[in-house]
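> Based on what follows, work out the 3D shape:
(chains A and B)
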Protein chains: 2
Amino acid sequence: MTIIKAEIITIGDEILYGQITDTNSQWISFELDKIGVKTIRKTSVGDDKYEILKVVNEAERRADIVLITGGLGPTNDDITKKTLVEYFDCEMKLHDEALKDVTELFHRRGRVLTETNKGQAFLPTACKYIKNPVGTAPCMWFDKNNKVVVSMPGVPYEMKEIMTGSILPLLVKQFNTTSIVHFIVRTIGIGESNLADLIKDWEINLPKEIKLAYLPSVGEVKLRLTGVDDSIEKITQKVDFEIEKLRPLIAEYIYAYQDETLEVAIGNLLKLKNKKIAVAESCTGGYLSHLFTSVSGSSVYYKGGVVAYDNEVKVKVLGVDVDSLNNEGAVSEYTIKAMAEGVRKVLKTDIGVATSGIAGPEGGTEDKPVGTVWIAYSDSEKTVVKKLQLGIKRDVNIRLASLAVLNLIRQSIEK
Amino acid sequence: MTIIKAEIITIGDEILYGQITDTNSQWISFELDKIGVKTIRKTSVGDDKYEILKVVNEAERRADIVLITGGLGPTNDDITKKTLVEYFDCEMKLHDEALKDVTELFHRRGRVLTETNKGQAFLPTACKYIKNPVGTAPCMWFDKNNKVVVSMPGVPYEMKEIMTGSILPLLVKQFNTTSIVHFIVRTIGIGESNLADLIKDWEINLPKEIKLAYLPSVGEVKLRLTGVDDSIEKITQKVDFEIEKLRPLIAEYIYAYQDETLEVAIGNLLKLKNKKIAVAESCTGGYLSHLFTSVSGSSVYYKGGVVAYDNEVKVKVLGVDVDSLNNEGAVSEYTIKAMAEGVRKVLKTDIGVATSGIAGPEGGTEDKPVGTVWIAYSDSEKTVVKKLQLGIKRDVNIRLASLAVLNLIRQSIEK
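I've put the predicted structure just below:
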């Protein structure tokens, strides 16, 4: 079994100055891992010809695949393309297909192609042109002594489109990667170490060809099983067998498998049950509605929402009783119930959900410190409320509270 | 003028597999930049002795300062310390002060020191011990031929405490750092290449001690000027002088300077003008409200919002005329006007803004393809509408449309 090795190089002064976080190399190595390619090193250098030449050369000697992002913009500080012309000892030429594609892209956006943008269709003669379906900077693929060097734009969503649509399939074809199977079990409502305790015995007894990884992120923990064997059928069977043993141990925390996010899972659940939902938000300020509507086709089950930031909106639009609101406060069991029930009635839906709390970092009191959040679920049969005590970071609290509501829907709708 | 160069090495299999994003190197380089130290390269390698030895050696030859994070945990897969003993050709010895500190830390947390944890007080004899005030993994400082190698724990908040409390002050003392000045000009509503065309002459005539970088991201382009000179006063003056020349060339696109994001800039503008705003969203589905409310203190100017996803919500809550809506469609000049004006009235604010469009990837027609978005701004004096033609990616369209509304506020409120 040969291990295919890759190195990732991210180029840009803005990375070296720390003005942006390089998320490209994380994403790329995660995807490479899925197709059985091992990342052995990641390097970031600035927009500096000699540094780029050196680091590409070093990487190419160590690895089979070198993936480069960044430095492909149309402006003068972007020098990756010129540098690759020098590295592969070739010329820069206008590439007809690239010109056609970039012209079309401008046309589609209703803009006129400038000379600067036309420059993006000039490519090193040594490269194979790979289309960028969502941007003007083209991708370049170089073959050299059974090794591959690929240069991609640094804008993450452009890079991801190119990787998913072209580079990953091409790499799978060109390199004989081992049979690797990944299976992801997605959990919510339990921390990493408690999860580890629950599945300890199962984990210890995993066969050596199956590896387990804990992938925690804000509000959830994913378990990834990776099986490596010489036949895809054999290893798939073994992984399936282990998943069947795992499932009953943590059933109540599992919300989905593989790539299905929580917002997609809840959307599917609402579709399945043929229910329409409405959202009333205070502390999450629109983020919960955004999670719902980030899913294409969500208009089937998501009818609308009210961001009742000001108490007047809670009263006037959602029908929360003004005296009770003043007595109990906006962050209270009374108000959260009234919000969830109110939005369900006003928007005429089967289900209403709501959030109200102190997202921070300001606004906490002794009674209701930053991170105090009430959430509620309401349908024609019942209203369920829950109090959360979150941390002090505003963005984290907003996301955690929103995920908690999605999880509350899962728990409440099924019963 | 000597430039002090640094390299950052982050160690850990979890980084190479893409299971976590390395945020340490971004933070460190940002802090180094502030004290005038230039990061020339960042490298990530796995928990692998030979890789670590190689990369530390390479970095030490190129840079004056090598900062390492990761691989200092108490378990067997953490090998950075052992590897540094080998690299500096010294021994591992129990360090009295380190033992005292780690014992105290355990005591403070009400736990008993295990043998494994006692192991953390063993240090390479070649290093200077640097206390970790918030964790058990100590920091190690090595001096060698006027160069410095520092090894820190990988847990971000421990690393940050050590850097801020010890390493950065020590580096400032040991190296005579140059004066570096950064200035960022933030623009919206113009693409990178058009911006480049507008400022071409100015860019060509920049003095050699000032470098320009274009930092594009979804919906906006930042321009960063970096000046390097031997006196902070001199270079600040030169950068200010260039900014003054740049400003009139692109005045209409500049929304802020330095770290101020668009949502913060618009929030400050609303505060300054003492205006309250309400948001009606269709295609942006809550994201625009989320942008407003992601800013702490936004309740001063953001009153609330309605996510009118379903047409019934547009009619019932926002008061859009049902016949006109049916005739003109939800994505139309009529509807967007009625939404912005409606939310302003219903929520009783000075300003109302709205979005309605086809976010995609489904739902487009020949007349109104995916990416067709109407936005509007309404106050007591006027209603301004604008039609956008965006791309085909749902998440990008949602963000672009939301940023376009923020920009429309800037353009409309000032006049």
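> Quick check: residues of the stretch 301-415 of chain A near chain B?
A:302-310, A:312-313, A:316-317, A:346-348, A:359-362, A:394-395, A:398 (Cβ under 8 Å from any Cβ of the partner chain). Bear in mind the C-beta positions are built from the backbone N, C-alpha and C, glycine included.
> Where do the strands of the stretch 251-400 of chain A begin and end?
Secondary structure of the stretch 251-400 of chain A by DSSP state E, counting those that start in this stretch: the strands cover A:254-257, A:277-281, A:302-307, A:351-357, A:372-378, A:383-389.
> could you flag which of the residues of the stretch 301-415 of chain A next to chain B are buried?
A:302-310, A:313, A:316-317, A:346-347, A:359-360, A:394, A:398 (16 or more other Cβ atoms under 10 Å in any protein chain shown).
> returning to what we had before: reformat the strands of the stretch 251-400 of chain A as TSV; add mean pLDDT.
What follows is the strands of the stretch 251-400 of chain A, written out as TSV (pLDDT from 0 to 100):
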stretch	mean pLDDT
strand A:254-257	97
strand A:277-281	98
strand A:302-307	98
strand A:351-357	98
strand A:372-378	98
strand A:383-389	97
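> And the ones you listed: which comes nearest residue B:55?
Taking Cβ to Cβ, strand A:254-257 is the member of the strands of the stretch 251-400 of chain A nearest to residue B:55, at 37.7 Å.
> Report the buried residues of that closest one.
Buried positions in strand A:254-257, judged by neighbour count with 16+ other Cβ under 10 Å: A:254, A:255, A:256.
> ok, residues contacting it?
Contact partners of strand A:254-257, identified using Cβ atoms under 8 Å, 6 or more residues apart in numbering or on different chains, comprise A:183, A:184, A:185, A:186, A:187, A:188, A:247, A:262, A:264, A:265, A:407, A:410.
> With just CA atoms, put that strand into CSV.
Extracted C-alpha coordinates of strand A:254-257, given in CSV (Å, rounded to 0.1, in the frame of the first residue of the first chain):
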residue,chain,number,x,y,z
ILE,A,254,-27.6,11.5,17.0
TYR,A,255,-29.4,14.0,14.7
ALA,A,256,-28.0,12.9,11.3
TYR,A,257,-25.3,11.1,9.4
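> What pairs with that strand, parallel or antiparallel?
With DSSP bridges as the test, strand A:254-257 is paired with strand A:179-188 (antiparallel).
> what's downstream of the strand it pairs with, the next helix or strand?
Where DSSP states H and E defines the elements, the next helix or strand beyond strand A:179-188 is helix A:192-198.
> What is the following helix or strand past that following helix packed up against?
The first helix or strand that comes after helix A:192-198 along the chain, using DSSP H and E, is helix A:200-204. Counting contacts by 3 or more Cβ pairs under 8 Å, 6 or more residues apart in numbering or on different chains; DSSP states H and E, helix A:200-204 packs against helix A:232-246.
> Out of the buried residues of strand A:254-257, the closest to residue A:386 would be?
Nearest to residue A:386 out of the buried residues of strand A:254-257 is residue A:255 (Cβ to Cβ; 16.4 Å).
> and the one helix or strand residue A:158 maps to with chain B, contact?
Take DSSP H and E as the rule and residue A:158 turns out to sit in helix A:156-162. Yes - using Cβ under 8 Å from any Cβ, helix A:156-162 reaches chain B at residue A:157.
> now the next helix or strand after that helix, how far from the centre of its chain.
As assigned by DSSP H and E, the chain's next helix or strand after helix A:156-162 is helix A:168-174. On the basis of Cα atoms, centre = their mean, to the nearest Å, helix A:168-174 sits 23 Å off its chain's mean C-alpha point.
> Go through helix A:168-174 and flag the buried ones.
By neighbour count on 16+ other Cβ under 10 Å, the buried set for helix A:168-174 is A:168, A:171.
> contacting residues around that helix?
Residues from elsewhere that reach helix A:168-174 (Cβ under 8 Å, 6+ apart): A:31, A:32, A:35, A:37, A:65, A:141, A:148, A:177.
> Try it again at 7 Å.
Residues outside helix A:168-174 that contact it (Cβ atoms under 7 Å, 6 or more residues apart in numbering or on different chains): A:31, A:35, A:37, A:65, A:148.
> same question, stretch A:47-65
Outside of stretch A:47-65, the residues within contact range by Cβ under 7 Å, 6+ apart are A:4-7, A:9, A:11-13, A:37, A:40-41, A:43, A:45, A:66, A:71, A:77-80, A:83, A:86-87, A:147-149, A:171, A:175.
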